[in-house]
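Q: no FASTA, just this:
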């Protein structure tokens, strides 16, 4: 499967879920979203490598 076929909404939900799991102990909605935005470039690169292999 190619990264291009992933719906942006699905990508956002995945990003939010990962961020929530990573920050589970100190979870709040705002901090989770903020951290998801911060890690987005790195996560997008990782997702691109995973989906392109």
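A: Nice, I can see it. Since we're looking at a predicted model, the values are computed, not measured.
Q: and the residue nearest to residue 15 when sequence neighbours are not counted, what does it touch?
A: Once flanking residues are discounted, residue 15 sits nearest to residue 36: 4.7 Å by C-beta to C-beta, 6 or more residues apart in numbering. In this view, the C-beta of every residue, glycine as well, is placed from N, C-alpha and C. Applying C-beta atoms under 8 Å, 6 or more residues apart in numbering to residue 36 gives the contacts 15-16, 18-19.
Q: let's see that with 10 Å instead.
A: Contacts for residue 36 (C-beta atoms under 10 Å, 6 or more residues apart in numbering) come out as 12, 14-20, 22-23, 43.
Q: in helices only, show me those.
A: Under the assignment DSSP state H, those contribute 12, 14-20, 22, 43 to helices.
Q: which of those scores worst on pLDDT?
A: On pLDDT alone, residue 43 ranks lowest of the ones in helices among the contacts of residue 36, at 66.
Q: what stretches of the chain score poorly on pLDDT?
A: Within the chain, the stretches with pLDDT under 70 are 1-6, 23-30, 32-33, 37, 39, 42-44, 46-48, 50-53.
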